[in-house]
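J.: Structure for this input, please:
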Amino acid sequence: MDFLLLTSSAIVGAALSYLFHRIKVGGYKRLSADILRTAEQEAETMRKDGEIAIKQEQLQSRRELEKSLSLEKRKIQKEAERLGVRESKLEDRVARTESKMAELEKEKKLLDKAQKKLENAQETHREKSLELTRELENLAGITGTEAKDKLLKTLADDVQNDAAAIKRKAIAEAKEKAKTEATRIIGCAIERMAVSHVSDAAVTTVVLPNEEMKARIIGREGRNIRALEQATGVNFIVDEVAGAIVLSAFDPVRRHIAKTALTELIVDGRIHPSRIEEAVANAKEDIDQQIKEAGEDAAWRAGAIDLSSEIITLLGKLKFRTSHGQNALDHSLEVSHLMGLIAAELSLDVSLAQRIGLLHDIGKALSHDMRGSHALVGHNIALRYGEMEEVANGIGCHHGEMEPISAVASLCCAADALSASRPGARVEAVGEYIKRMQALEEIATTFPGVDKAYSVQAGRELRVIVLPEMVDDGGTLNLAHDITRKIEEKLNTPSRVKVTLIREKRVTAHTS
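T.: Residues are numbered from 1 along each chain as shown. Below you'll find the predicted structure:
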């Protein structure tokens with residue numbers, strides 16, 4: 001019974017479970033069906049909305065395209081109208097050009113006819129001219145070529161005379177203006193220069209207190225004087241001047257060292273080889289110090305405070321050198337000041353001008369060590385020790401051996417001549433003076449038509465007498481300029497040379 005009860009309970013439970021399951025499954029199916037229907041309805045709605053959006057976009061794109069096409073159509077229409085107007089203008093221009101071409105063609109035909117008439121007339125005129133020329137040649141007795149040459153010669157003489165007159169007038173005016181301005185500038189520069197007019201002389205003698213001192217300097221068997229000559233490199237001449245010893249040497253620095261050492265020995269009184277060596281060493285140190293101080297003082301006075309030590313030393317050595325009796329360092333300072341004054345008058349670089357003037361003769365300190373003139377040697381030295389190209393060029397061109405590259409450089413030659421030619425600045429040897437005067441006369445006599453030449457006014461004027469039958473009045477001016485140019489090329493004169501040409505024709509007749 002219990003078994004049946006349990007079995008029936010299990011069967012009922014199973015039936016209930018199955019029934020519940022079926023009910024649950026049926027609910028799920030209805031739910032899924034509802035979900036599917038809802039999804040399909042939403043999908044349909046979304047499809048319809050998408051189609052509407054696509055149609056709206058297509059409609060908008062179509063409107064924009066139509067608008068763009070309308071704009072392009074209007075642009076094309078305007079361009080077509082513009083091209084039409086331009087084509088119309090071109091057609092009008094072509095029509096006018098064709099009309100002008102037709103007119104030019106007519107004028108060309110007329111010109112061709114006129115050209116033919118002109119050629120015929122020229123041919124007729126040429127034949128008549130030849131006929132007339134032959135008749136004139138027969139009447140005159142000379143050929144046309146001879147007449148032409150004679151006419152050309154006459155015209156050439158007239159032109160040369162006219163050119164000489166114009167040249168004379170232009171040169172006179174230019175000289176007058178240049179002379180006035182140059183006189184003003186040089187006058188301003190010179191009147192501001194306060195320097196001594198006494199030239200320096202190279203002192204090479206040492207005065208002795210007595211004859212006993214001369215014997216002591218000579219020493220036993222001449223050992224002291226030999227020691228002096230060996231230590232200084234200077235020749236000691238004891239018998240030429242009474243009461244003095246003459247020092248002979250090409251190097252002025254050595255000569256000054258010897259003089260200083262000898263003066264110290266005379267004052268000290270002890271004269272023997274070892275004391276001589278000591279005195280010479282002291283003198284060398286003293287001279288080296290003097291050279292350095294002289295160079296630094298000159299650089300300071302000229303405003304060139306940034307010079308190299310080598311240039312300072314070379315500059316100081318100029319203190320012991322002379323040129324025609326003029327101290328080289330004083331001359332350099334004088335040229336520096338003159339260049340500065342002239343540069344100021346001309347509104348040029350004053351500092352550069354003074355620097356060039358100070359260093360223009362620096363090559364004289366080493367002229368015996370390096371080949372070439374002192375101007376070119378100075379140019380190379382300046383470049384070697386760091387000077388500017390303008391400074392080196394001013395040094396190299398102050399004797400005309402280089403072309404100046406600046407206006408300041410060209411002043412150096414003028415300032416150098418001013419310093420050298422002022423009264424009392426230099427002492428010139430008589431032999432050189434005579435040679436220069438002879439050279440001036442020889443240069444003038446080399447020109448054709450010159451009869452005689454005389455150098456007067458201490459070589460500052462050259463008077464030239466010409467043959468009147470070979471040189472006319474117009475040719476005297478050209479000859480004078482040719483002579484002056486040759487003098488400038490051949491001679492380096494310390495002052496200007498005035499060339500005066502004299503043309504005189506005398507006729508003497510006697511009665512019978």
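
J.: pLDDT below threshold where in the stretch 401-512 of the chain?
T.: 421-433, 458, 493-495, 512 (pLDDT under 70).

J.: can we see that at 90?
T.: Where the stretch 401-512 of the chain drops to pLDDT under 90, the residues are 401-445, 448-463, 465-482, 484-512.

J.: Equivalent analysis for the chain, please.
T.: Short version for the chain, where the test is pLDDT under 90: 1-75, 77-281, 283-354, 356-382, 384-387, 390-392, 394-445, 448-463, 465-482, 484-512.

J.: can you give me the strands in it?
T.: 205-207, 235-237, 244-248, 322-323, 326-327, 450-456, 461-466, 498-503 (DSSP state E).

J.: Of all those, which one is nearest residue 176?
T.: Ranking the strands of the chain by proximity to residue 176 (CB to CB) places strand 498-503 first, at 15.8 Å. All C-beta atoms are positioned from the backbone trio N, CA, C, and that covers glycine.

J.: Show me what the closest one pairs with in its sheet, parallel or antiparallel.
T.: strand 461-466 (parallel) (DSSP bridges).

J.: could you check the angle strand 450-456 makes with the strand it pairs with?
T.: 160 degrees (axes from the mean of the first three to the mean of the last three CA atoms, to 10 degrees).

J.: on that earlier part again, the strands of the chain: which one's closest to residue 392?
T.: Per CB to CB, nearest to residue 392 of these: strand 322-323, 21.1 Å.

J.: and residue 283, what is it in contact with?
T.: If you count contacts by CB atoms under 8 Å, 6 or more residues apart in numbering, residue 283 has them with 257, 258, 260, 261, 264.

J.: can you rerun that using 10 Å?
T.: The neighbourhood of residue 283, defined by CB atoms under 10 Å, 6 or more residues apart in numbering, consists of 231, 232, 256, 257, 258, 259, 260, 261, 262, 263, 264, 265.

J.: Okay, the fifth one and residue 247: tell me how far apart.
T.: Same thing as residue 258. Residue 258 is 5 Å from residue 247, where distance means CB to CB, to the nearest Å.

J.: who has more neighbours, those two?
T.: residue 258 (28 against 23; other CB atoms under 10 Å).

J.: Could you list which residues are in contact with the more buried one?
T.: Counted by CB under 10 Å, 6+ apart, residue 258 has contacts 204, 206, 228-229, 231-236, 245, 247-249, 251, 279-280, 283.

J.: go on, residue 455?
T.: 434, 436-444, 461-463, 497.

J.: what about residue 155, distance to residue 455?
T.: Distance from residue 155 to residue 455, by CB to CB: 39 Å.

J.: typo on my end, residue 449
T.: 19 Å.

J.: swap in residue 337?
T.: 33 Å.

J.: ok, now residue 290?
T.: Distance from residue 290 to residue 455, by CB to CB: 43 Å.

J.: re the thing from before, could you export the strands of the chain as TSV, including distance to residue 79?
T.: What follows is these, written out as TSV (distance: least, CB to CB, whole Å):
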stretch	distance to residue 79
strand 205-207	111
strand 235-237	110
strand 244-248	108
strand 322-323	92
strand 326-327	93
strand 450-456	90
strand 461-466	89
strand 498-503	85
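
J.: Which one, of those strands, ends up nearest to residue 131?
T.: That would be strand 498-503 among these, by CB to CB, at 47.0 Å.

J.: hmm, who's touching the closest one?
T.: 440, 443-444, 449-454, 456-457, 460-468, 470-473, 475-477, 479-484, 487.

J.: follow-up on the earlier one: can you pull the residues that touch both of residue 258 and residue 247?
T.: With contacts taken as CB under 10 Å, 6+ apart, residue 258 and residue 247 have 204, 206, 228, 229, 232, 234, 235, 236 as neighbours in common.

J.: Now render the residues you listed as a markdown table, adding distance to residue 49.
T.: Output for these, formatted as a markdown table (distance: CB to CB, whole Å):
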| residue | distance to residue 49 |
| --- | --- |
| 204 | 130 |
| 206 | 134 |
| 228 | 132 |
| 229 | 132 |
| 232 | 127 |
| 234 | 128 |
| 235 | 132 |
| 236 | 134 |
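
J.: would you turn these into JSON lines with neighbour count and distance to residue 345?
T.: Shown next, in JSON lines, are these (neighbours: other CB atoms under 10 Å; distance: CB to CB, whole Å):
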{"residue": "204", "neighbour count": "18", "distance to residue 345": "41"}
{"residue": "206", "neighbour count": "20", "distance to residue 345": "46"}
{"residue": "228", "neighbour count": "27", "distance to residue 345": "52"}
{"residue": "229", "neighbour count": "16", "distance to residue 345": "52"}
{"residue": "232", "neighbour count": "26", "distance to residue 345": "47"}
{"residue": "234", "neighbour count": "23", "distance to residue 345": "46"}
{"residue": "235", "neighbour count": "14", "distance to residue 345": "49"}
{"residue": "236", "neighbour count": "21", "distance to residue 345": "51"}
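
J.: just curious, which of these is nearest to residue 108?
T.: Among the shared contacts of residue 258 and residue 247, and counting by CB to CB, the member closest to residue 108 is residue 204, at 97.9 Å.

J.: Send over stretch 463-472 as PDB, restricted to the C-alpha atoms.
T.: Extracted in PDB, the C-alpha atoms of stretch 463-472 (Å, rounded to 0.1, in the frame of the first residue of the first chain):
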ATOM      1  CA  ARG A 463     115.300 127.600 -69.900                       C
ATOM      2  CA  VAL A 464     115.100 126.100 -73.400                       C
ATOM      3  CA  ILE A 465     115.800 128.000 -76.600                       C
ATOM      4  CA  VAL A 466     114.100 126.400 -79.600                       C
ATOM      5  CA  LEU A 467     114.600 126.800 -83.400                       C
ATOM      6  CA  PRO A 468     111.800 129.000 -84.700                       C
ATOM      7  CA  GLU A 469     111.800 127.300 -88.100                       C
ATOM      8  CA  MET A 470     111.200 123.900 -86.500                       C
ATOM      9  CA  VAL A 471     108.800 124.800 -83.600                       C
ATOM     10  CA  ASP A 472     105.900 127.200 -84.100                       C
END
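
J.: quick one: residue 161 and residue 476 touch, right?
T.: No. Residue 161 lies out of contact with residue 476 (CB atoms under 10 Å); the separation is 11.3 Å.

J.: These two: which has the busier surroundings?
T.: residue 476 (19 against 14).

J.: For that one, which non-adjacent residue is spatially closest?
T.: residue 501 (4.7 Å; CB to CB, 6 or more residues apart in numbering).

J.: any idea how far residue 294 is from that neighbour?
T.: For residue 501 relative to residue 294 (CB to CB), the value is 49 Å.

J.: again with residue 399
T.: Counting by CB to CB - residue 399 and residue 294 are separated by 24 Å.
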